[in-house]
Structures are given as C-alpha cells and as structure tokens.
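**Student:** A predicted structure for the sequence below; I have some questions about it.
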Amino acid sequence: MADTMHTPTNSAVPDPWSLPLEILDVAKPEIFLNNAHGEYFRRLRAEAPIHYCPDSEFGPYWSITKFKDIVAIDADHKRFSSNDQIVIGDAPEEFITPMFIAMDQPKHDVQRKVVQPGVAPTQLAELEGLIRQRVCKILDSLPIGEEINWVELVSKELTTQMLATLFDFPFEDRHLLPYWSDVATASPAVGIDVDWNERDRILAECYQYFAKLWHQRADGSSKMDFISLLANDPDTAGMVNDPKEFLGNLILLIVGGNDTTRNSISAGIVEMNRSPEQFAKLKANPDLIPNMVSEIIRFQTPLGHMRRTALEDVDFKGHKIKKGDKVVMWYVSGNRDEDAIERPDEFLVDRERARHHLSFGFGIHRCMGNRVGEMQLRILWEEMLKRFDRIELVGEPERVLSNFVMGYAKVPVVVHAKT
C-alpha cells in the first residue's frame, strides 16, 4: 500500500509545490507534525536535491535529500565535521554537551570503541532470553478489547526496560531514562520552546545520578554495561570529571536506545493497519519478521536527519558550500529516494534488500546499537503473532513536534486476542 503522506490544508503547512523553491524551508517542525514532509522532500529530490535555504529560524542551511549524496557527505568526515551538533540549529555555547556521535576522529573512534562491547553480538545473544521474558510480560499485561495508547504501554515501556539493562540502571528508577531523553531532544531546533536553564538543571540531575553509578563501578570490574565499560577503560575513565562531555555521551546512548526503537515499535503498528495486506502476508509467513523489521526502520526513519558543518569551501556537484555552512543530511528523504529504492513509498514486509536504508547513518557514525533495536522489534513481533489476532488502530496517531525525532506521542489501539 502506498504511503498516505499528504499535505494538510493547514495554513501553517502550505503546499510545497506552490512555494518559490528559493525560500522553501523543509526544516519547519510543523511540517513533520502534520505528516506533510513527504511532498516537501519529493519536490526537493526532483528539483533541488542539493538545496540552500538562506533564511530559517535555525539560520541558513543546505539540505541533502538524495540517497547517494547523503552517503557521500556522511562518509566525508574530513571535510564535513560532526563536532558539537547533531541537529540543524545551534544551542547556546554554554549548553553544548559533547558526545562522540558529534565528534570527529580520533576522539570519536576511541570513545565509541569503549562502549561497543555492550552491544556486541555475543552480549546480545546473552540478553535475548531476558528481552523475550520482558516482552511477554508486557504483552500479557495488555487489556483485551479496550482502547490503549500503544506508545505508553508497549513502545516506551519495552525500550525503557532495555535501556535500564544496557546501563545496569536501577530498575525502579527506569522511568527517568525516557524523561531525560525527551528533555535532551527538546530544543528550538525541533520546534519546542525551551527554558535552557531549566533544561540544564534537569540534565544536571541526570549527570549526578550517573556520576554516582560511575564511582560505584570504577573498580576494575569487567562488567559489560555502558557505565562500567566507560568507568574502567583508561581512555575514558576521566570523562566523569568533565560534566558536559560525560552528560553528552550519556544522552547520546539514552536517546539512541530510546527514541529510535520506541518510534519504530509504534510505527510498525501504524503501518500494519495502513497496509492490511502486508499484515496478512506476515501472519501467513512469520519468517518474514526480520525482513519486516528492517522495512519498518526504513519506512519510519526514527531520526530524520543529522547535521554536518563544512570545514572548508567545498564544491559539491557544482554547488559552492562555504566553510562554516550547515549541511543537513535528510535520512528521512534518502529512504524515499526513487533512484535508490524501488517503490520507496510502499511498505513491503518482503522487500528485497530491506536493510538497504539510511536510518542508522553511514560510515564511522553508523548507529552502533542497530542490532539491539532490530532484536527488540523482532522479538516483539514474534510474541505478538503468537498471542494476538490483530492490534487495531482506532484513531489517528498523534505525531511529535520535531524535525529530528520522527516519533509518535499517541497510537490508540485495541488489542484483539486470538480466538
């Protein structure tokens, strides 16, 4: 079934084809809230795949919207820097929290390598039984035949429990993890007015909580949770003494493990209801689940973009990108590029080469936890098919106001048990 993206008549979201191309600003969060971004990016891919927006609430920026061009920019870390920012706008300098996804080599490689074992295949194999146990408990607790918000009861709860495991975080306080994630991703750059001082205060509480865990675990142990790995490696053992860098990397790991998987879990329910023939195909052949998981992640693109900053003047396919220019790689557009993906606006559980997508990024900054997210989604769908006849969408899903997190605030459903 083709995607139902449309351009609302809401005056805040005009028809992109009616706008002068030179003033088209695809970064307005309202476009994403109203699920209208599909047509905006369709026009840019067709008419200006490398597009300069001279004036926006985030300042001027370049949009890169084609699959191959995004890969080229993402891989060119010598000319396009990740330092300091991952989203379009610039935070006040005093509120920037360094994180390794927003660092260049060699520091990026060192810090990433330290935490990588926490999501290595051998570690995930050991965690699979625990994840399945938790998935079963969550699904068995759902009321049958009553309207519920799938986001709160399933998507958020499962990913929060997984995060608590990866950090070995006190389970009774796990609700703090998505709270800190939501605070961290809120900013004017995604359309949410922010009291920077209040945001800083809340994230300082996050730092204090984790610093306590850090000091408890800096004992030379070989435990595989993220905090123990960072605290006991010589290259990162001093990170806790730099609150901004420590907090930045915590937020990266929390957001990476929370927003991406949470919104893919929600999106899977939405798309299966919009494409009932695909759900029927999946029920008839559950072996398609791993492939379908990749298709959900492509189709939803949980994080819509990442930003780079030009380190020098660059002639990119005839476009003069100047040193210091903001360059935005729109993964959410690249995943719908007709020249790279066949029938990109269709949700197909049996799509060939389903993992051929940009949702995890590319190159040295490719999402290190991609297998964790895929495993959670796979186990969830395996257990759902065992228990339920269908999960029926009973109202219009509510999207979040963000040009960065492609997420849902509410997905109202009714669960129907197998008869």
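**Tutor:** Right, received. Where do you want to start? Predicted, not measured: the structure shown is a model, and the values here were computed from it. Residues are numbered from 1 along each chain as shown.

**Student:** need the nearest residue in space to Ala417, chain neighbours excluded.
**Tutor:** Ile144 (4.9 Å; CB to CB, 6 or more residues apart in numbering). Yep, even glycine has a C-beta here, placed from its N, CA and C like the rest.

**Student:** the one you found belongs to a strand?
**Tutor:** No: per DSSP: H, G, I helix; E, B strand; the rest coil, Ile144 lies outside any strand segment and is coil.

**Student:** OK, contacts around it?
**Tutor:** Contacts of Ile144 were listed using CB atoms under 8 Å, 6 or more residues apart in numbering, and they are Val415, His416, Ala417.

**Student:** and Arg390, that one's in a helix?
**Tutor:** No: applying three-state DSSP, one finds Arg390 to be strand, outside a helix.

**Student:** so what's it closest to, chain neighbours aside?
**Tutor:** His416 (5.1 Å).

**Student:** isn't that neighbour up against Glu392?
**Tutor:** Yes: using CB atoms under 8 Å, His416 is in contact with Glu392, at 6.2 Å.

**Student:** so these two - more neighbours on which side?
**Tutor:** Glu392 (16 against 13; other CB atoms under 10 Å).

**Student:** OK, contacts around the residue lying closest to that one once chain neighbours are set aside?
**Tutor:** Distances taken as CB to CB, 6+ apart place Val414 nearest to Glu392, at 4.8 Å, with adjacent residues excluded. Val414 sits next to Gly145, Glu146, Glu147, Ile148, Ile391, Glu392, Val394 when contact means CB under 8 Å, 6+ apart.

**Student:** how about Glu398?
**Tutor:** Glu398 neighbours (CB under 8 Å, 6+ apart): Tyr408, Ala409, Lys410, Val411.

**Student:** which of those residues fall in strands?
**Tutor:** The strands, defined by DSSP state E, take in Tyr408, Ala409, Lys410 from these.

**Student:** Phe246: which of the contacts of Ile144 is nearest?
**Tutor:** Top of the list for closeness to Phe246, among the contacts of Ile144 and by CB to CB, is Val415 at 40.9 Å.

**Student:** so the closest one: helix, strand or coil?
**Tutor:** strand.

**Student:** use 296 as the first number from now on
**Tutor:** Let's use 296 as the start, then, which means that last one is Val710.

**Student:** quick one: it from Lys578, how far?
**Tutor:** For Val710, the distance to Lys578 equals 15 Å [CB to CB, to the nearest Å].

**Student:** so these two - more neighbours on which side?
**Tutor:** Counted by other CB under 10 Å, Val710 and Lys578 do not tie: Val710 has more neighbours, with 22 against 13.

**Student:** and that one, what does it touch?
**Tutor:** Going by CB under 8 Å, 6+ apart, Val710 touches Leu437, Pro438, Ile439, Gly440, Glu441, Ile443, Phe683, Ile686, Glu687.

**Student:** at 10 Å instead, please
**Tutor:** If you count contacts by CB atoms under 10 Å, 6 or more residues apart in numbering, Val710 has them with 434, 437-443, 445, 448-449, 679, 682-687.

**Student:** buried subset of those, written for PyMOL?
**Tutor:** Buried subset of the contacts of Val710, written as a PyMOL selection, criterion 16 or more other CB atoms under 10 Å:
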select buried, resi 434+437+443+445+448+449+679+683+685+686+687
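
**Student:** identify the farthest-apart pair in the contacts of Glu693.
**Tutor:** Longest span within these, CB to CB: Ala704 and Val706, 8.6 Å.

**Student:** mutual contacts of those two, please.
**Tutor:** Asn444, Val446, Glu447, Ser561, Pro692, Glu693, Arg694.

**Student:** okay, and the beta partners of the first one?
**Tutor:** With DSSP bridges applied, Asn444 shows beta-bridge pairing to Pro707.

**Student:** again with the last one
**Tutor:** In this structure, Arg694 has beta-bridge partners Tyr703, where bridges are defined by DSSP bridges.

**Student:** hmm, it is touching Gly599, no?
**Tutor:** No: counting by CB atoms under 10 Å, Arg694 sits too far from Gly599 to count as a contact (11.4 Å).

**Student:** now do the buried residues in stretch 685-704.
**Tutor:** 685-688, 692, 694-703.

**Student:** just those now: which is nearest Leu319?
**Tutor:** Looking across the buried residues of stretch 685-704 and measuring by CB to CB, the closest to Leu319 is Asn698, at 13.9 Å.

**Student:** residues contacting Gly515?
**Tutor:** Taking CB under 10 Å, 6+ apart as the test, what Gly515 contacts is Ser523, Ala526, Asn527.

**Student:** mind doing that once more with 8 Å?
**Tutor:** Contacts of Gly515 (CB under 8 Å, 6+ apart): Asn527.

**Student:** and it, how far from Thr417?
**Tutor:** Relative to Thr417, and taking CB to CB, Gly515 is found at 21 Å.

**Student:** how much space is there between the residue nearest to Glu687 and Ser561?
**Tutor:** Applying CB to CB to Val709 and Ser561 gives a distance of 15 Å.

**Student:** got it, and Leu472?
**Tutor:** Counting by CB to CB, the gap from Leu472 to Ser561 is 17 Å.

**Student:** with Ile592 instead?
**Tutor:** 12 Å.

**Student:** could you give the number of residues near Ile522?
**Tutor:** The burial count for Ile522: 25, using other CB under 10 Å.

**Student:** which residues touch it?
**Tutor:** Contacts of Ile522 (CB under 8 Å, 6+ apart): Phe462, Asp463, Phe505, Leu508, Trp509, Arg512.

**Student:** isn't Leu434 right up against Glu678?
**Tutor:** Yes: contact criterion CB under 8 Å: Leu434 and Glu678 qualify, at 5.7 Å.

**Student:** without its sequence neighbours, what residue ends up closest to Arg650?
**Tutor:** In space, Arg650 is closest to Ser589, 4.7 Å off (CB to CB, 6+ apart).

**Student:** which element is that neighbour on?
**Tutor:** helix 584-595 (DSSP states H and E).

**Student:** which residues in the protein form strands?
**Tutor:** Along the chain, counting by DSSP E, strands occupy 345-348, 356-359, 375-376, 442-444, 600-605, 609-611, 614-616, 621-625, 683-688, 693-694, 703-705, 707-712.

**Student:** export the ones you listed as JSON lines, with columns for distance to Val366.
**Tutor:** Shown next, in JSON lines, are those (distance: least, CB to CB, whole Å):
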{"stretch": "strand 345-348", "distance to Val366": "14"}
{"stretch": "strand 356-359", "distance to Val366": "10"}
{"stretch": "strand 375-376", "distance to Val366": "12"}
{"stretch": "strand 442-444", "distance to Val366": "37"}
{"stretch": "strand 600-605", "distance to Val366": "12"}
{"stretch": "strand 609-611", "distance to Val366": "13"}
{"stretch": "strand 614-616", "distance to Val366": "16"}
{"stretch": "strand 621-625", "distance to Val366": "9"}
{"stretch": "strand 683-688", "distance to Val366": "34"}
{"stretch": "strand 693-694", "distance to Val366": "27"}
{"stretch": "strand 703-705", "distance to Val366": "28"}
{"stretch": "strand 707-712", "distance to Val366": "36"}
